[in-house]
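[1] Below are the sequence and a predicted model; questions follow.
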Amino acid sequence: MSSPTAEAGFDAGDDIALRAASYAAWRAHSHRIHIYRRALPALIGVILIGLTGWVAYQTLAWRFAPAANERVSIRMVNPRFHGRTSDNLPYVISARSAARDDRNFQRVVLDQPLFSQNVGTPTQTDVRAANGVYMEDSRVLSLENDVILTDKRGYNFKTDRSVIDTRAGIVSGQKPIDGVGPLGRIAASSYAVENGGERVVFRGKVRARIETNR
């Protein structure tokens, strides 16, 4: 007669193997839990560091954005500004292009500007240059580089800089000027065109060569 254990089909070896497998599975699960408990705080730390860095980057980008935007200006192509002097004389400021300064909206930078006064009259005066800046608040136009002054009476002069007070209608400069006029060639250290072009004054080391056949 077989034993009761044998009759029930129970094997002690199977029980030990089952217990060992369960214990191994429990240990593996416990090991994973232990790893998760250590890795989770580290992962949270990495996320917090990343978020902090992103916020700092966005803050710096926003703070320095105006400096970058200063390179972008309101631009105009072939602009024309019409006005009148205090003596009600008309003038026109034109250019190939113009850009308003974002840091100072009153400041307009001009490329190849041209100032024309008394347009269409016998005393029309034109002043052109390679570069210029017009201040809308003071209505002063500053011209630089290859400045050329001409008028219908025969004046044709070159200088390096010219300042035009559009309110008073005066064109002046403290740089040497050289050119020809109705009477001949004239050179001077400074100059002024006043009364809407009616009067031209040369000052400082004035040299003139009268040409009677002009």
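    Arrived safely, thanks for sending.

[2] Going by neighbour count, list what's buried in the biggest strand by length in the chain.
    Secondary structure of the chain per DSSP state E: the longest strand is strand 140-151. For strand 140-151, a neighbour-count test (16 or more other Cβ atoms under 10 Å) marks L141, S142, L143, E144, V147, I148, L149, D151 as buried. All C-beta atoms are positioned from the backbone trio N, CA, C, and that covers glycine.

[3] Let me know the next secondary structure element after that strand.
    Once the chain leaves strand 140-151, the next helix or strand it forms, by DSSP states H and E, is strand 156-165.

[4] Show me how far that next one is from its chain's centre.
    27 Å (Cα atoms, centre = their mean, to the nearest Å).

[5] can you check stretch 126-136 too?
    Here stretch 126-136 is found 19 Å from its chain centre; the criterion is Cα atoms, centre = their mean.

[6] Between the two ends of that stretch, how far is it?
    20 Å (Cα to Cα, to the nearest Å).

[7] tell me the mean pLDDT over it?
    Per-residue pLDDT over stretch 126-136 has a mean of 95.

[8] Likewise for stretch 140-154?
    Mean per-residue pLDDT for stretch 140-154: 91.

[9] Please enumerate residues in contact with that stretch?
    Applying Cβ atoms under 8 Å, 6 or more residues apart in numbering, the contact partners of stretch 140-154 are 93, 113, 115, 122-135, 155-166, 171, 173, 177, 179-182, 193, 197, 214.
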